[in-house]
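Colleague: Just to be clear, the model below is a prediction. Sequence and coordinates:
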Amino acid sequence: MIYFLLVLAAWGSLFLPLPRWASVVCSFLFLGLGTILLLFGLAGSYWHSHMTPGSSPATSTLVTGALLLLSRALLIVKIVLQILVAPPSP
């Protein structure tokens, strides 16, 4: 349930107009948490794959970390596209 709320908050922050400082804080928070969850998910999947065959319980941690990082990657693409489309300043 908490993973779903984290992903919902990360993706929802892309579509809500936030002040610049709040956007920066959210980005650092989601990047840090996404990196940690991705690393723990990878480690858990690797560990579990050598202990028992089948799906790993760490898969949800891995997917959540990847989705958090993907949301910030999409934010970077969005910012770059806004810069490219913006009219040149005089």
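Modeller: Everything's here; your move.
Colleague: distance between stretch 51-59 and the chain's centre?
Modeller: 23 Å (CA atoms, centre = their mean, to the nearest Å).
Colleague: Now that stretch: average pLDDT?
Modeller: Throughout stretch 51-59, pLDDT has a mean value of 77.
Colleague: Buried residues, that stretch. List them.
Modeller: Neighbour counts over stretch 51-59 (16 or more other CB atoms under 10 Å) mark 56, 58 as buried. Where C-beta positions appear, they are placed from N, C-alpha and C, glycine not excepted.
Colleague: Can you check the distance spanned by that stretch, start to finish?
Modeller: By CA to CA, to the nearest Å, the extent of stretch 51-59 from end to end equals 15 Å.
Colleague: residues making contact with that stretch?
Modeller: Here stretch 51-59 makes contact (CB atoms under 8 Å, 6 or more residues apart in numbering) with 40-41, 43-45, 47-49.
Colleague: can you do 6 Å?
Modeller: For stretch 51-59, contacts defined as CB atoms under 6 Å, 6 or more residues apart in numbering pick out 41, 44-45, 48.
Colleague: quick one: which two of the residues you listed are the most distant?
Modeller: Taking CB to CB, the two most distant members of those are G41 and H48; they sit 10.5 Å apart.
Colleague: and these two? which has more neighbours close in?
Modeller: G41 (20 against 16; other CB atoms under 10 Å).
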